[in-house]
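>>> Predicted structure and sequence below. I'll ask about it afterward.
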Amino acid sequence: MTVRFNGFDLLKKLVSIYVFYIFVITNKVETMKELFEGIAWLFEEILFYPLDLLRELQLDSWFLANIINWIFLIIGVVAFVYWMKQLKIFHDQDKENERTKPDPFLG
């Protein structure tokens, strides 16, 4: 009994054999470990470097070390003041308590 593959089935079989060969036969598990170690190095040494500087700055000045928190606080206060001004504008125009009326064709 011979097994015949059509085009896509043969391609799937060859790809699965190739993947098996790469990851099992050639022992590429070490390469995957190196990939994740590289990602860890990128975050620890490059992307978190500004936060390490802020952590070291904490010993000298608490206010400068918390500069990110101060920026978020200022943004929140500005947004709150803007929102209150908009509420006052609508309150002064009496648009806050307008009632909508249904159209006459709704009965």
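Now that the structure is in, tell me what you want to look at.
>>> Averaging pLDDT per element, find the lowest-scoring helix or strand in this structure.
When the helices and strands of the chain are scored by mean pLDDT, DSSP states H and E, helix 7-20 comes last with a mean of 64.
>>> which helix of the chain spans the most residues?
When the chain is parsed with DSSP state H, its longest helix is helix 67-92.
>>> mean confidence score for stretch 42-49?
Mean per-residue pLDDT for stretch 42-49: 90.
>>> hmm, I was thinking of stretch 85-102
So the average pLDDT for stretch 85-102 ends up being 78.
>>> mind checking the end-to-end distance for it?
One end of stretch 85-102 sits 31 Å from the other (C-alpha to C-alpha, to the nearest Å).
>>> cool, and stretch 59-70?
18 Å.
>>> do the same with stretch 43-51
End residues of stretch 43-51 are separated by 11 Å (C-alpha to C-alpha).
>>> change the start of the numbering to 20 and stick with it
That works, and once the first residue is 20, the last one we named lands at stretch 62-70.
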